[in-house]
Structure formats: C-alpha cells, structure tokens
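Chemist: Sequence below, structure please.
(one chain, ligands or ions: 1)
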Amino acid sequence: MLRGRKALVIGGAVGIGRAVCQAFACEGASVGVADRGWPGEKSSIVAELAASGVEAYPDEVDVRDEASVKSVIQHAIVRFGWLDILVNNAGITSGGAPMQNQDFELWAEIFATNVNGVAFGMKHVLPHMLERGSGRIINTSSQLAHKPAPSHGAYCASKAAVTALTASVAQEVARQGVTVNCVCPGMTDTAMLYKGGASFVEEKLKALPIGRPATVSEIAATYVFLASDAAAFFVGQSLSPNGGDVMW
Ligand code: NAD
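Modeler: The predicted structure follows:
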C-alpha cells in the first residue's frame, strides 16, 4: 500500500510511533525514525525495519526546538531524495492536577512539545510537499481532545489545539495535493497511559465500551490508512480509534 513512499516519523522510537514505523515498513515504505534520546530503541527499530527489506535510519530531534525539527526534516529529504509522509507523533502528558494547582512550567512544557512540535513539523515540511504538489501530514492528537478529562486540562487543551491546527492547515493546502489529518487515539497500552495515574486508568476503563486499552498496532493501522492513496479525500479529519469512548 505504501511501496516506494518515504516517511519520517517524529517520536518514532517507542510506543505508538514505533508501531507506526513498523506498520509503514510492513506496507513497503522507507522510514526515518526521529526521536529524542532512546538510542537503544532507535537502533533496534531501525535494525528491525532494515531486516524487513526497507530503508530506515535513526535521527535525533527535540520537537520543542524549531531548528531541531527543521534539521531532521531536511535530513530526511536529503537522505531519501524526497518525503511523502510526515507523522508528528511526539507528545507528553503529566500526572494531572486540578486547575487551581496547575504548574505553569509544566503547562508550557506540554504545549511546547504537543503543540509547538506539531506546528514546527508542518511549517518545515510544507514548502517541500507544496513544491512537489503531494504529501501526507498525520498529526497525533488524542480522544481527550474530544472528551476532555478532569485534572488533565493542560494535556486535553494541547490536544484540542492539535486537532484545530490540523483542520486549519488542512484547508490551506488541500487544493495543492497535500492532505493534513490527525489521529485521536483512545487509551493505548504504552508507558504514557500509566502517567495519568492508576486511578485515572481504572476509572476510564470502567466506562470504556470495549473495556480494554488498544494495542499500539490497532492504533497504527489508522496512520497507514491516512498515508495511503485510499485516504485521498480525507482533509482535516480526526480519526478516532478509541474503543467507543467518543462516538462521533
Ligand atoms: P510514549 O511516551 O511511549 O511516546 C511518546 C513519544 O514522544 C516518545 O517517542 C518520546 O521520546 C517522544 N517525545 C516526547 N517529548 C519529545 C521531544 N521533546 N522531542 C522529541 N520526541 C519527544 O507514549 P505514546 O502513548 O506512544 O504517545 C505517542 C503519542 O500518542 C503522543 O502524542 C501521545 O500524546 C498520543 N496519545 C497517546 C495515548 C495513549 O493512551 N498512550 C492516547 C492518545 C494520544
């Protein structure tokens, strides 16, 4: 489905991003795996992708830093010759706190990573994709953008910003061959899920129609679809593999 496509996954060493790299490679895409740190994980995923017969390489990025994001995108374009797909997946959360206790250093950190990081990615890949007249940008939002949870205001607001930003930029470029969409995963079995606190997970699972978190590969399938030709008419959408948590 993605044979010959060149993809860069930012936040691709672990968790959902890692599964996206695996799913893209499985469909025949070459994959740049960019992340902050995780040297062992980056080299193991790259070895795994290369063993499956696709071109893959690791790269280092800090999405809070515009120059770092610009450089990792330019590196991918030089390395592959062009870039068809950019996934802006890096994100962080916190243990949560009610608004009267919100730490605004942490708030700024969440927004710098979850919102600025996505904006930097789009800003620096768009000149290349617009010049080529084709490209797919897939941002990672969250089901918490559509169904905000108490005591997680910073994270929920940051992901709502990603969803709105996706729709805004999608309208700017839709007529020029570039689609911009986001994935809004529900509870997914990664390290991040448990950062919200055990009681948060327990309460959410009780109310979740499917009654369990997603596996990372169940989430990655949506990225493959959005990157494929089959998704050509999807513009500014939020696709929500969420086990029934939000049904619209
Ligand atoms: P994770 O913690 O396993 O992965 C987060 C990734 O972001 C890691 O690769 C991490 O290194 C990267 N990252 C964080 N800060 C970075 C920075 N400054 N620069 C570069 N990379 C950075 O968690 P995950 O669950 O795989 O999360 C992936 C994405 O999915 C995130 O955007 C997250 O908000 C979103 N999400 C997760 C869930 C869930 O339940 N796990 C649900 C909805 C959305």
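Chemist: Please make it C-alpha for all contacts and neighbour counts, starting now.
Modeler: Fine.
Chemist: which residue sits closest to residue 43, ignoring its sequence neighbours?
Modeler: By the measure of Cα to Cα, 6 or more residues apart in numbering, the closest residue to residue 43 outside its immediate chain neighbours is residue 58, 6.7 Å from it.
Chemist: what kind of secondary structure is the one you found in?
Modeler: What DSSP: H, G, I helix; E, B strand; the rest coil gives for residue 58 is strand.
Chemist: hey, what's it bridged with?
Modeler: Going by DSSP bridges, residue 58 is paired in beta bridges with residue 33.
Chemist: Let me know whether it touches residue 33 as I believe.
Modeler: Yes. Counting by Cα atoms under 8 Å, residue 58 does reach residue 33; the two are 4.8 Å apart.
Chemist: Give me the common contacts of those two.
Modeler: 42, 46 (Cα atoms under 8 Å, 6 or more residues apart in numbering).
Chemist: Which one of those two is surrounded by more residues?
Modeler: residue 33 (29 against 21; other Cα atoms under 10 Å).
Chemist: how about the more buried one, what does it touch?
Modeler: Shown here is residue 33, whose contacts under the criterion Cα under 8 Å, 6+ apart are 8-13, 21, 42, 46, 56-59.
Chemist: again with residue 73
Modeler: Shown here is residue 73, whose contacts under the criterion Cα under 8 Å, 6+ apart are 8, 121, 124-125.
Chemist: hang on, the earlier thing: okay, the residue nearest to residue 43: pLDDT?
Modeler: Predicted confidence (pLDDT) for residue 58: 98.
Chemist: Same question for residue 156.
Modeler: pLDDT recorded at residue 156 is 97.
Chemist: what does residue 194 give?
Modeler: We have a pLDDT of 89 for residue 194.
Chemist: dump the residue contacts of residue 80.
Modeler: When the contact criterion is Cα under 8 Å, 6+ apart, the partners of residue 80 are residue 6.
Chemist: How much space separates it from residue 4?
Modeler: From residue 80 across to residue 4, the span is 10 Å (Cα to Cα, to the nearest Å).
Chemist: What of residue 157?
Modeler: When Cα to Cα is the yardstick, residue 157 and residue 4 sit 37 Å from each other.
Chemist: Which one's more surrounded, the two?
Modeler: Neighbour comparison, residue 157 and residue 4: the larger count goes to residue 157, with 20 against 12 (by other Cα under 10 Å).
Chemist: neighbours around the nearest residue to the more buried one once chain neighbours are set aside, how many?
Modeler: Nearest non-adjacent residue to residue 157, counting by Cα to Cα, 6+ apart: residue 145, 6.8 Å away. Using other Cα under 10 Å, the number of residues around residue 145 comes to 21.
Chemist: How about the contacts made by residue 145?
Modeler: Taking Cα under 8 Å, 6+ apart as the contact definition, residue 145 lies against 156-161, 163, 184.
Chemist: what about it, distance to residue 16?
Modeler: Applying Cα to Cα, the value for residue 145 to residue 16 is 17 Å.
Chemist: one step back: okay, and which of the contacts of residue 73 map to helices?
Modeler: 121, 124-125 (DSSP state H).
Chemist: For the lowest-mean-pLDDT helix or strand in the chain, buried residues please.
Modeler: The helix or strand with the lowest mean pLDDT-type score in the chain, counting by mean pLDDT, DSSP states H and E, is helix 198-207 (a mean of 89). Taking 16 or more other Cα atoms under 10 Å as the neighbour-count basis, helix 198-207 is seen to contain the buried residues 200-201, 204-205.
Chemist: ranges for the strands of this structure?
Modeler: For the chain, applying DSSP state E gives strands covering 6-10, 30-35, 56-60, 85-88, 135-140, 178-183, 238-239.
Chemist: Count the residues that sit near residue 231.
Modeler: Taking other Cα under 10 Å as the criterion, the count of residues near residue 231 is 14.
Chemist: List the contacts of stretch 7-22.
Modeler: The set of residues that contact stretch 7-22 without belonging to it, under Cα under 8 Å, 6+ apart, is 24, 29-36, 38, 41-42, 45, 49, 61, 73, 76, 83-91, 190-191, 216-217, 219-221, 223-224.
Chemist: Fine by me, thanks again.
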